[in-house]
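Engineer: Here is a sequence together with a model predicted from it:
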Amino acid sequence: MKRIDLKSCIRNIPDFPKPGILFRDITTLLKDKSAFKQAVDTIAQNYKGKKIDAVVAVEARGFIFGGAIAHKLGAGFIPVRKRGKLPWKTKCVSYELEYGIDELHMHEDAVIPGERVLIVDDLLATGGTVGAVVDLVKGSGGKIVGIAFLIELKDLKGLDKLKGYPVYSLIKY
């Protein structure tokens with residue numbers, strides 16, 4: 001099968017959501033069945049044989065890749081969501097955004113201590129969101145086997161917040 005240049009499948013939208021920002025729109029990659037399949041397969045292949053018990057992913061775009069990758073790896077899927085979105089008792093972690101503070105929640109019984117976990121999200125920017133997810137997984141006793149992204153925005157230095165963890169980014173800008 002011919003490899004697709006996945007960067008060419010991502011639409012660049014200047015000045016969104018505000019002037020000076022170049023937004024990487026992945027919806028164009030998602031609608032291209034061959035590009036989407038290649039992206040999911042490539043990320044999953046990177047973790048094949050690593051005995052992943054569960055894939056933890058962040059709403060909303062992280063769910064798109066996390067669920068598909070969990071399926072490919074024969075692993076469970078654990079959603080991390082914003083406040084008020086999960087129906088059971090949750091663990092919560094607060095994290096800083098460029099414009100304030102937010103929080104993420106995960107069911108308190110989602111990660112079993114000692115479970116081998118892969119964290120998946122669509123984009124690594126400053127690392128705040130995924131750093132919070134790392135705290136949730138570690139606080140539950142999970143062993144983080146890896147952290148995977150479709151896209152990494154290198155200039156924002158999010159990798160600096162993930163030192164000590166193996167990180168894989170499929171596309172880098």
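Structural biologist: That came through fine.

Engineer: so who does Gly131 touch?
Structural biologist: Tyr95, Lys161, Leu162 (C-beta atoms under 8 Å, 6 or more residues apart in numbering). The way it works is simple: take the backbone N, C-alpha and C, and place the C-beta from them, glycine included.

Engineer: go with 6 Å
Structural biologist: Contacts were defined as C-beta atoms under 6 Å, 6 or more residues apart in numbering; by that measure Gly131 touches Lys161.

Engineer: Where does it sit, in terms of helix or strand?
Structural biologist: Using DSSP states H and E, Gly131 sits in helix 128-139.

Engineer: mind exporting that helix as CSV, just the C-alpha atoms?
Structural biologist: What follows is helix 128-139, C-alpha atoms only, in CSV (Å, rounded to 0.1, in the frame of the first residue of the first chain):
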residue,chain,number,x,y,z
GLY,A,128,-0.6,21.1,30.0
THR,A,129,-3.5,18.8,29.1
VAL,A,130,-1.5,15.6,28.7
GLY,A,131,0.6,16.5,31.8
ALA,A,132,-2.7,16.5,33.8
VAL,A,133,-3.6,13.1,32.3
VAL,A,134,-0.2,11.7,33.3
ASP,A,135,-1.0,12.8,36.9
LEU,A,136,-4.4,11.1,36.8
VAL,A,137,-2.9,7.8,35.6
LYS,A,138,0.0,7.9,38.0
GLY,A,139,-2.3,8.8,40.9
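
Engineer: Would you mind listing the buried residues in whatever helix or strand comes next after it?
Structural biologist: Using DSSP H and E, the helix or strand that follows helix 128-139 in sequence is strand 143-152. For strand 143-152, burial by neighbour count (16 or more other C-beta atoms under 10 Å) applies to Ile144, Val145, Gly146, Ile147, Ala148, Phe149, Leu150, Ile151, Glu152.

Engineer: Over to stretch 118-136?
Structural biologist: For stretch 118-136, by 16+ other C-beta under 10 Å, it's 118-127, 129-134, 136.

Engineer: what about it, start to end distance?
Structural biologist: Across stretch 118-136, the terminal residues are separated by 13 Å (C-alpha to C-alpha, to the nearest Å).

Engineer: got the phi/psi numbers for the closest residue to Ile13 other than its chain neighbours?
Structural biologist: Nearest residue to Ile13 in three dimensions, chain neighbours excluded: Phe23, at 4.3 Å (C-beta to C-beta, 6 or more residues apart in numbering). For Phe23, the backbone dihedrals (degrees, to the nearest 10) come out as phi -80, psi 130.
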